[in-house]
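# Take a look and give me a structure for this.
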Amino acid sequence: MPAAALLRRPAVLLTAGLVALAAAGCWHMDAQSKTPAQPRAVTPRGALDADENNNINVFKKTSPSVVHITNLALQRDLFSLRVTEQPQGTGTGFIWDENGHIVTNFHVIQGANAATVTLSDQSVLPAKLVGAFPDRDIAVLRIDVPKDKLAPIAIGTSRELQVGQKVYAIGNPFGLDQTLTTGIVSALNREIESVTRRTIKGAIQTDAAINPGNSGGPLLDSAGRLIGVNTSIYSPSGASAGIGFAIPVDEVNRIVPRLIRDGRFIRPALGVTAGAAQLTQSLGAPKGVLLVGVVAGGPAAQAGLQPYTRGRDGRIVAGDVITAVNEQPVADLDDMLGLLEQRQIGEKVVLSVWRAGQTRRVNATLGSSD
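Numbers count the residues shown, from 1 in each chain. Below you'll find the predicted structure:
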């Protein structure tokens, strides 16, 4: 080893030793450190501002309505063959009425054999499934509990929402119950996909933090009223990226009573089968619902609608294309189903129908899809 390196070696060793002593906490104590000391005086903060007070009030008012939902699945032990219920996922819901009905997302309880609901006072109760409408990702559960333990959520409207309004989300992100996040309405009339791949139109976009576990929880306005049901986030990582979506409350308030009444959502129907969009284009027909089947004796048949057919010579015989329902244009079957869902069985509608270049209007009485 060179002489210069040998001369530097003790210094290196000394430095390393000091670092090791410091890392081990072997500090030289200051002889003057034992002077009397008291906790620092607290600086008064003054009154909370109006926005903070409203945040607090909305949470206090609404959090008793929010519940934690645990999805249970049956599991069989490999050796004993004993069957037990095991948690397989969690989500959020809220108390709908004094009869113990709980509203949540369908995907929160999808595939479950049972579920439990944890109230804000931490009491855990078994829940029964009342009904579900997967096309709109909505489900209704029910718990048996005294009415004095139920705090139904206040219902608002989504029809009057404006971009920029302040919103609140309460849920159980990552299992952390009763979490409040705030944001604004980022956009309106978004389209998202349900678990059945049906399009949910009119969704509310918000930047309030929504994470796994928030699904089924309420989106609230600044008055603490329900304006939507948080259902999904747009994020490559699966965590909040400032883009969340909620099903508008006007849609929820239309569907939930039917689920409570019937146990499922029975869609009003015309009794038709629609062709694919590619078929519509290849036949040179306008955008709409091209009919390839009409149920005998159904509402469409009674209104005189006819499907496209193939003649004996192999040529296509022109049928009808529904282009509007009550003057509201429909571009495809999904559009038409969305409009029919807003009607009642037995209600009359006016259909705009195109055939071979001519458009006419016909009256039809809606039947049942059941």
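# Can you name the residues in contact with stretch 287-302?
269-275, 279-280, 283, 305-308, 319-324, 329-333, 336, 354, 364-367 (Cβ atoms under 8 Å, 6 or more residues apart in numbering). For every residue, glycine as well, the C-beta is placed using N, CA and C.
# hmm, try it at 7 Å
With contacts defined as Cβ atoms under 7 Å, 6 or more residues apart in numbering, stretch 287-302 is touched by 270-275, 279-280, 305-308, 319-323, 330-333, 336, 354, 364-367.
# does the nearest residue to D177 once chain neighbours are set aside sit in a helix or strand, and which one?
In space, and not counting its chain neighbours, D177 is closest to H68: 4.9 Å by Cβ to Cβ, 6 or more residues apart in numbering. For H68, the host element (DSSP states H and E) is strand 66-76.
# So G346 sits against A364, correct?
No. Counting by Cβ atoms under 7 Å, G346 stays clear of A364, with 11.4 Å between them.
# What helices and strands are in contact with the strand holding H68?
For strand 66-76, the packing partners by 3 or more Cβ pairs under 7 Å, 6 or more residues apart in numbering; DSSP states H and E come out as strand 83-95, helix 106-109, strand 114-118.
# quick one, helices of the protein?
Secondary structure of the chain by DSSP state H: the helices cover 3-23, 50-62, 106-109, 249-262, 277-282, 299-302, 333-340.
# can you pull up the bridge partners for the closest residue in space to D334 that isn't next to it in sequence?
Take D334 and drop its neighbours on the chain: the residue closest to it by Cβ to Cβ, 6+ apart is T199, 5.3 Å away. With DSSP bridges applied, T199 shows beta-bridge pairing to E193.
# So T199 versus E341, what's the distance?
Going from T199 to E341 by Cβ to Cβ, to the nearest Å gives 12 Å.
# Which of these two has more residues huddled nearby?
Set T199 next to E341 and count neighbours by other Cβ atoms under 10 Å: E341 wins out with 18 against 15.
# OK, contacts around the residue nearest to the more buried one when sequence neighbours are not counted?
Leaving out its chain neighbours, the residue that sits closest to E341 by Cβ to Cβ, 6+ apart is R267, at 5.6 Å. Contacts for R267 (Cβ under 7 Å, 6+ apart) come out as 337, 340-341, 369.
# outside of stretch 104-112, which residues touch it?
Under Cβ under 7 Å, 6+ apart, the answer for stretch 104-112 is 69, 71-73, 91-93, 115, 129, 132-134, 137-139, 141, 195, 215-216, 229, 231.
# neighbour count winner among G346 and A364?
Between G346 and A364, A364 has the larger neighbour count (other Cβ under 10 Å), namely 23 against 10.
# Need the nearest residue in space to that one, chain neighbours excluded.
A303 (4.2 Å).
# State the distance from that neighbour to I322.
Where I322 is concerned, A303 sits at a distance of 10 Å (Cβ to Cβ).
# any shared contact partners between those two?
With Cβ under 7 Å, 6+ apart, A303 and I322 have common neighbours L351.
# neighbour count winner among these two?
With neighbours defined as other Cβ under 10 Å, A303 and I322 compare such that I322 has more, 24 against 18.
# D335 is in contact with the more buried one, correct?
No. I322 is not in contact with D335 according to Cβ under 7 Å; the separation is 9.8 Å.
# Sketch out the low-pLDDT regions of the stretch 201-350 of the chain for me.
Scanning the stretch 201-350 of the chain with the threshold set as pLDDT under 70 gives 234-240.
# switch to 80 and redo it
232-242 (pLDDT under 80).
# How far away from the center of its chain is stretch 110-120?
16 Å (Cα atoms, centre = their mean, to the nearest Å).
# same question, stretch 311-318
Stretch 311-318 has its C-alpha centroid displaced from the chain centroid by 46 Å (Cα atoms, centre = their mean).
# just stretch 167-181 next, same as before
How far stretch 167-181 lies from its chain's middle: 13 Å, per Cα atoms, centre = their mean.
# How about stretch 214-233?
9 Å.
# Dump it to PDB, keeping only the CA atoms.
Presented in PDB, the C-alpha positions along stretch 214-233 are these (Å, rounded to 0.1, in the frame of the first residue of the first chain):
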ATOM      1  CA  ASN A 214     -66.200   4.200  -1.700                       C
ATOM      2  CA  SER A 215     -68.400   2.500  -4.200                       C
ATOM      3  CA  GLY A 216     -72.100   2.800  -3.300                       C
ATOM      4  CA  GLY A 217     -71.500   5.800  -1.100                       C
ATOM      5  CA  PRO A 218     -73.300   9.100  -1.400                       C
ATOM      6  CA  LEU A 219     -72.200  12.200  -3.300                       C
ATOM      7  CA  LEU A 220     -73.700  15.200  -1.500                       C
ATOM      8  CA  ASP A 221     -74.200  18.900  -2.300                       C
ATOM      9  CA  SER A 222     -73.300  21.700   0.100                       C
ATOM     10  CA  ALA A 223     -76.700  21.300   1.800                       C
ATOM     11  CA  GLY A 224     -75.900  17.700   2.600                       C
ATOM     12  CA  ARG A 225     -78.500  16.300   0.200                       C
ATOM     13  CA  LEU A 226     -77.900  13.200  -1.900                       C
ATOM     14  CA  ILE A 227     -77.100  14.100  -5.600                       C
ATOM     15  CA  GLY A 228     -75.500  10.900  -6.700                       C
ATOM     16  CA  VAL A 229     -74.200   7.500  -5.900                       C
ATOM     17  CA  ASN A 230     -70.400   7.100  -6.200                       C
ATOM     18  CA  THR A 231     -69.800   4.200  -8.600                       C
ATOM     19  CA  SER A 232     -66.300   4.300 -10.200                       C
ATOM     20  CA  ILE A 233     -63.000   6.000 -10.700                       C
END
